[in-house]
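[1] Below are the sequence and a predicted model for it; my questions follow.
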Amino acid sequence: MDILQLLPPFFYAVTAVFWIFLILISYKKFMTYRQEEPLFSKLSLIVTFFASTAAITSIIFSYQYLNIDHPESMIWVDWAILSLNTTAAIVTSILYTHHSIGDAMEKLLNKENRLNDLKSEKENFTHTLDQKERYIVLQEIALNVQKTVINASDPNSMLDRICHQFCEHPSFNVAWIGFADIEATQLPISFFHDNAEPRFLSNEFVSILDANDPYANGPSSQAMLTNRTIVIEDTQSDLRFSQWHTRAKFSQIRSVLAFPMFIKEGDRAIGVLTLYSQDYFKLEDPEIALIQELTHTITRHISYLNTHLKIEKQSQQNLKKLKVLEQVINAVPANIFWKDRDLRYVGANHAFLKCKDLNSLSAIIGKSDEELGWTSTQSEISLSEKRILHDKKEILNQIERSNHRWLLSNKTCYHDQDNHLLGLIGVHIDITQHYNTELSLKRNEKHYRELIENIPDVAVQGFDENRRIIDWNKQSAAMFGYTKEEAIGKKIEELLYPEEMHVSFINKVDSWLTQNRPIAPSISQLRHKNGKLIKVHIGHMLVDKQTKTPEFFNIYLKV
């Protein structure tokens, strides 16, 4: 048997070994993938079966070929079968190993995808870390802003300082605050700090608040008009910021945040806090919520400071008014004092202290009349003052006696702005001299009346500027027959003078009043009630000529 005849059984043996090796691998694959990949495990079974058949065939052919004589013509058939068997083995191997190569490629791709995922996760982690670091820095700045707010006594210096503090954050290079009234059409910059290079803000920078104006679509304008936080995430792509694209690019401004300033939810915004950032911000970023809350805190404190300053200003004005009132009260010659509800002295003017021979107000503050030793003269007055507080009534023009003085007293309750009773105010006018004078006049009048009424044979009559009788003594009634009741109120010329003397008498009275020409004494015949004429000597006297109520007196003696 030559070498050409030995080659077929040799290759049959090699292919048989290959198929046996393939059977072992397929079985192992089947055991590996039967749970995870059922389809691939079935393919492994098919390959195992086909490889087993091919291996057995190769062994049989090799055995028969070595033990049986074959004619030369069969060698080419063997070669054809061997070629087909070898081709089938190669194709089967390729088909089988194709999945392994694909699986390897898939694993390689999975590893690459995993590397990309890890890279993305690293980038996300780095971004998250940077964001957390940015948030921590913002928290520190927020704490400083809150300290500024708490320690502030002036809203202007507070807001200016806050703009500077926001720009201490590495993300923010411009910060400004603007305020506008309800009817305003523009939002000017009230306070700002600009670290941008070149500077972004200018003196002409304003935000339009007219909703119909196309230039009112900027972040600050929209925050003011809509009362919502506005975030421009990218100044170069957001059309709302188109009119400032170039300036933002040169100043390295990538995001803009605008926060409306309102005291409580639902109120109209009174202003806007606007921040320009070198980084990119989104509305959902945690920094936005933190700055929103900080803006509300700032706005509420602005309202508190304005109210406090208004109250302080009002208090200063009230203090000035109180000082003026104190000076006025001290300048009043009347004695003025005020007490609390327990009738203890709270205050008094200089005249009161002088009247009480006191040098200082502190001598009476917080003390009652009893504690001051004024009970001997004040007991009835204290009871009266207690009734005033109890009944909440007033006493007007009541004459009281205190320390040998006569006082015209007016007392009333005083209340606070909520109408709560605080105590009692008293005003005393010293009328001692006037009272004594009046008593003297009354005594003199009594003596005068006794004298007039008891002078024998002398009739005395008084009449006013209109010549109406206001006084009529007993002797007048006896001399002329008219009682006092009949004479009072009548015109003297009509009652006593004959008709032809009326005009002359009236002229004499008017001349005395207007020209200071006294009526000379005379002897005339006057008319009695019964119509008879009585001859009398008449004297005339004018009293209180310079007052509004001058009085005339006629004195009559029978001739």
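    Right, received. Where do you want to start?

[2] how close does residue 157 sit to residue 169?
    Relative to residue 169, residue 157 is positioned 21 Å away (CB to CB, to the nearest Å). For the C-beta atoms, the positions are set from N, CA and C on the backbone; glycine is no exception.

[3] Compare these two (neighbour count), which wins?
    Remark: of residue 157 and residue 169, residue 169 carries more neighbours, 20 against 12, as counted by other CB atoms under 10 Å.

[4] Give me the three-state assignment for the more buried one.
    Secondary structure state of residue 169, per DSSP: H, G, I helix; E, B strand; the rest coil, is coil.

[5] So it sits against residue 141, correct?
    Yes - counting by CB atoms under 8 Å, residue 169 touches residue 141, with 5.3 Å between them.

[6] May I see the buried residues of stretch 517-533?
    Residues of stretch 517-533 classed as buried: 519, 524, 526-527 (neighbour count, 16 or more other CB atoms under 10 Å).

[7] ok, of the residues you listed, which one's closest to residue 321?
    Residue 321 has its nearest neighbour among the buried residues of stretch 517-533 in residue 519, at 58.9 Å by CB to CB.

[8] For the closest one, which non-adjacent residue is spatially closest?
    Spatial nearest neighbour of residue 519, excluding adjacent residues (CB to CB, 6 or more residues apart in numbering): residue 540 at 4.2 Å.

[9] could you say what helices and strands the host helix or strand of the one you found packs with?
    Taking DSSP states H and E as the criterion, residue 540 maps to strand 533-543. Other elements packing on strand 533-543 under the criterion 3 or more CB pairs under 8 Å, 6 or more residues apart in numbering; DSSP states H and E are helix 474-480, helix 502-515, strand 522-527, strand 551-558.

[10] List the buried residues in it.
    Buried residues in strand 533-543 (16+ other CB under 10 Å): 534, 536, 538, 540, 542.

[11] Contacts for that strand next, please.
    Outside strand 533-543, the residues within contact range by CB atoms under 8 Å, 6 or more residues apart in numbering are 459, 479-480, 498, 512-513, 518-528, 550-559.

[12] neighbours around residue 484, how many?
    By other CB under 10 Å, 13 other residues sit near residue 484.

[13] Find the residue closest to it in space, skipping its chain neighbours.
    Of all residues not flanking residue 484 in the chain, residue 472 sits nearest, at 4.4 Å (CB to CB, 6+ apart).

[14] May I have the beta-bridge partners of the one you found?
    Judged by DSSP bridges, the bridge partners of residue 472 are residue 461.

[15] From residue 542, how far out is it?
    Distance, residue 472 to residue 542, by CB to CB: 18 Å.

[16] what about residue 390, helix or strand, and which?
    Element membership of residue 390 [criterion: DSSP H and E] is helix 375-391.

[17] which residues of the chain score low on pLDDT?
    Where the chain drops to pLDDT under 70, the residues are 1-19, 21-23, 25-112, 118, 121-131, 203, 375-380, 402-404, 432-456, 544-547.

[18] Residue 459 should be in a strand, yeah?
    Yes - according to three-state DSSP, residue 459 belongs to a strand.

[19] who's in contact with it?
    Going by CB under 8 Å, 6+ apart, residue 459 touches 473, 475-476, 478-480, 536, 555-557.

[20] sorry, back to before: got the buried residues of strand 533-543 as a markdown table, with distance to residue 425 columns?
    Shown next, in a markdown table, are the buried residues of strand 533-543 (distance: CB to CB, whole Å):
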| residue | distance to residue 425 |
| --- | --- |
| 534 | 63 |
| 536 | 60 |
| 538 | 57 |
| 540 | 52 |
| 542 | 45 |
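
[21] center of this protein - which residue?
    The centre of the chain sits closest to residue 303, judged by CA atoms, centre = their mean, with a distance of 3.7 Å.

[22] Once you drop chain neighbours, what's closest to that residue?
    Here the residue nearest residue 303, using CB to CB, 6+ apart, is residue 263, at 5.3 Å.

[23] Pretty sure the one you found sits against residue 297.
    No - Residue 263 is beyond contact range of residue 297, at 10.9 Å (criterion: CB under 8 Å).

[24] Around residue 410, count how many other residues there are.
    17.

[25] and it, what does it touch?
    Contacts of residue 410 by CB under 8 Å, 6+ apart are 394-398, 426-427.

[26] Return the distance of it relative to residue 399.
    Taken as CB to CB, the span from residue 410 to residue 399 is 11 Å.

[27] what do you get for residue 322?
    Between residue 322 and residue 399 the computed distance is 32 Å (CB to CB).

[28] Check residue 312 too.
    For residue 312 relative to residue 399 (CB to CB), the value is 46 Å.

[29] what's the answer for residue 417, then?
    Distance from residue 417 to residue 399, by CB to CB: 34 Å.

[30] Which one of these two is surrounded by more residues?
    Neighbour tally, residue 417 and residue 399, criterion other CB under 10 Å: the higher count belongs to residue 399, 10 against 5.

[31] would you put the C-alpha positions of the strand holding residue 540 in CSV?
    What follows is strand 533-543, C-alpha atoms only, in CSV (Å, rounded to 0.1, in the frame of the first residue of the first chain):
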residue,chain,number,x,y,z
LEU,A,533,-95.9,166.1,88.3
ILE,A,534,-93.3,166.0,91.0
LYS,A,535,-90.6,168.7,91.3
VAL,A,536,-87.3,167.0,92.1
HIS,A,537,-83.6,167.7,92.2
ILE,A,538,-81.8,165.2,89.8
GLY,A,539,-78.2,164.1,89.9
HIS,A,540,-76.6,161.8,87.3
MET,A,541,-73.7,159.3,87.5
LEU,A,542,-72.1,156.9,84.9
VAL,A,543,-70.4,153.7,86.0
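
[32] the inter-axis angle of it versus helix 502-515?
    Here strand 533-543 runs at an angle of 10 degrees relative to helix 502-515 (axes from the mean of the first three to the mean of the last three CA atoms, to 10 degrees).

[33] Show me where the stretch 101-250 of the chain has its strands.
    In the stretch 101-250 of the chain, the segments counted as strands under DSSP state E, counting those that start in this stretch are 172-179, 186-188, 191-194, 206-208, 230-232.

[34] Now render those strands as CSV, adding mean neighbour count and distance to residue 164.
    Below are those laid out as CSV (neighbours: other CB atoms under 10 Å; distance: least, CB to CB, whole Å):
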stretch, mean neighbour count, distance to residue 164
strand 172-179, 23, 8
strand 186-188, 17, 19
strand 191-194, 20, 5
strand 206-208, 20, 21
strand 230-232, 22, 23
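
[35] Could you dump these into JSON lines and include distance to residue 368?
    Formatted as JSON lines, those follow (distance: least, CB to CB, whole Å):
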{"stretch": "strand 172-179", "distance to residue 368": "55"}
{"stretch": "strand 186-188", "distance to residue 368": "62"}
{"stretch": "strand 191-194", "distance to residue 368": "57"}
{"stretch": "strand 206-208", "distance to residue 368": "67"}
{"stretch": "strand 230-232", "distance to residue 368": "68"}
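
[36] Out of these, which is closest to residue 276?
    When the strands of the stretch 101-250 of the chain are compared by CB to CB, strand 172-179 sits nearest residue 276, at 3.7 Å.

[37] Output the contacting helices and strands for that closest one.
    If contacts are counted by 3+ CB pairs under 8 Å, 6+ apart, strand 172-179 sits against helix 155-166, strand 186-188, strand 191-194, strand 271-277.
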